[in-house]
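**Q** Predicted model and sequence below, questions to follow.
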Protein chains: 2
Amino acid sequence: MNQLKEALDTLKETGVRITPQRHAILEYLINSMSHPTADDIYKALEGKFPNMSVATVYNNLRVFREVGLVKELTYGDASSRFDFVTTHHYHIICESCGKIVDFHYPGLDEVEHLASHVTGFKVANHRMEIYGSCPECVSKEVH
Amino acid sequence: MNQLKEALDTLKETGVRITPQRHAILEYLINSMSHPTADDIYKALEGKFPNMSVATVYNNLRVFREVGLVKELTYGDASSRFDFVTTHHYHIICESCGKIVDFHYPGLDEVEHLASHVTGFKVANHRMEIYGSCPECVSKEVH
DNA sequence: TAAACTATTTATAACAATTATAATTTAAGA
DNA sequence: TCTTAAATTATAATTGTTATAAATAGTTTA
């Protein structure tokens, strides 16, 4: 139910200390419906933690990732974005404005199987994203 | 037939000058069956072009990408890798040693359609990769 | 062919995201 | 409360990539 509480329990179970900074970062990740960068988080929490270091944000995002609470989305040029893991979903990304929208799709098991069969790899997971233009940017293009 | 020749023709058609450096970078990309980083290319051509600049490699990879000859593969931490575009294919990546292997799969049109329908985006393209362990690394794990 | 123009390369500096380091502080169990 | 390992901070370093300006090399025009 309460995502934050569950997340904190996960941390406890894995023996990760719950510091105020970690609490705040998790809270921000859960509440922000966007997919913030490390810097977004840093800036957002500047008010509450005036002397928090950027390194803390990065360190803790790594911790959360290792524990499985957070997923790191890496796109070429720009900086990584971080996504609180709830249910399995994919992303569609607007190439004009950068907006990221979630969408659900049954996992691509078939592709994984074929790839495994053809290459002999032991498959762990996959990533997929779709690129295009969001409705707002499409309508802007047309004028 | 001859990929290099075709690529050079493409450059000619689009009015991109064919310099010795560009020729060499293309040749290297086509012949190397791996997916080299900009630095790999830079190092590989050091012998032939002792005072070529890294910027030249980056510049020309960008040119090739814009013309559609080359695809840039971006993964989080590490540096971009570059792939000479031949037929449409996907990649499976070994998480232990970083090896990248190509595999073919009919495009994921269905996913694109669903995503477009659900989100209202105009879809342009997608990316997908599979992660796992290559046969060599799997056998190493077992001992 | 020579002059003029433009694209390309080079060398270098700048930049931005991220990580490493070392000193200081703090959470959580005894 | 004390202790200790873990976390935070401040800062510096690193790394991949891009920007800049000067030098060079192709092209086009006269």
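**A** Good, I have the coordinates. Residues are numbered from 1 along each chain as shown, chains lettered A, B, ... in the order given.
**Q** For the residue nearest the centre of chain A, list each beta-bridge partner.
**A** Geometric centre of chain A, nearest residue: A:Asp83, 1.8 Å, by Cα atoms, centre = their mean. Counting by DSSP bridges, A:Asp83 forms beta bridges with A:Lys71.
**Q** and the gap between A:Ala124 and B:Met52?
**A** For A:Ala124, the distance to B:Met52 (Cβ to Cβ, to the nearest Å) stands at 38 Å. From N, CA and C alone the C-beta is placed, and that goes for glycine too.
**Q** meant to ask about A:Met33
**A** For A:Met33, the distance to B:Met52 - Cβ to Cβ - is 47 Å.
**Q** Settle it for me: which of these two has more neighbours?
**A** B:Met52 (17 against 7; other Cβ atoms under 10 Å in any protein chain shown).
**Q** so what's the more buried one up against?
**A** Applying Cβ atoms under 8 Å, 6 or more residues apart in numbering or on different chains, one finds that B:Met52 lies in contact with B:21, B:42, B:45-46.
**Q** of these, buried ones?
**A** B:21, B:42, B:45 (16 or more other Cβ atoms under 10 Å in any protein chain shown).
**Q** Can I get these in TSV including secondary structure?
**A** Below are the buried ones among the contacts of B:Met52 laid out as TSV (DSSP: H, G, I helix; E, B strand; the rest coil):
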residue	secondary structure
B:Gln21	helix
B:Tyr42	helix
B:Leu45	coil
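**Q** which residues touch the spatially closest residue to A:Arg65 that is not a sequence neighbour?
**A** Leaving aside its chain neighbours, A:Arg65 sits nearest to A:Glu72 (5.5 Å; criterion: Cβ to Cβ, 6 or more residues apart in numbering or on different chains). By Cβ under 8 Å, 6+ apart, the contact list for A:Glu72 reads A:61, A:65, A:80-83, B:76.
**Q** Which single one of the buried ones among the contacts of B:Met52 is nearest to B:Tyr90?
**A** B:Tyr42 (26.9 Å; Cβ to Cβ).
**Q** and the lengthiest helix in chain A, what does it pack onto?
**A** Determined from DSSP state H, the single longest helix within chain A is helix A:54-67. Helices and strands touching helix A:54-67, as assessed by 3 or more Cβ pairs under 8 Å, 6 or more residues apart in numbering or on different chains; DSSP states H and E, comprise helix A:20-31, helix A:38-44, strand A:70-73, strand A:81-84.
**Q** try it again with 7 Å
**A** Helices and strands touching helix A:54-67, by 3 or more Cβ pairs under 7 Å, 6 or more residues apart in numbering or on different chains; DSSP states H and E, are helix A:20-31, helix A:38-44, strand A:70-73.
**Q** Using JSON lines, lay out those together with mean pLDDT.
**A** Listed next are these as JSON lines, based on pLDDT from 0 to 100:
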{"stretch": "helix A:20-31", "mean pLDDT": "94"}
{"stretch": "helix A:38-44", "mean pLDDT": "95"}
{"stretch": "strand A:70-73", "mean pLDDT": "89"}
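**Q** will you turn those into JSON lines that also has distance to DNA strand C?
**A** Shown next, in JSON lines, are the helices and strands packed on helix A:54-67 (distance: least, Cβ to the nearest atom of the strand, whole Å):
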{"stretch": "helix A:20-31", "distance to DNA strand C": "5"}
{"stretch": "helix A:38-44", "distance to DNA strand C": "4"}
{"stretch": "strand A:70-73", "distance to DNA strand C": "8"}
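**Q** Those residues of chain A touching DNA strand C, which are they?
**A** Counting by Cβ under 7 Å from any atom of the strand, the positions of chain A adjacent to DNA strand C are A:17-20, A:37-39, A:53-55, A:58, A:62, A:78-80.
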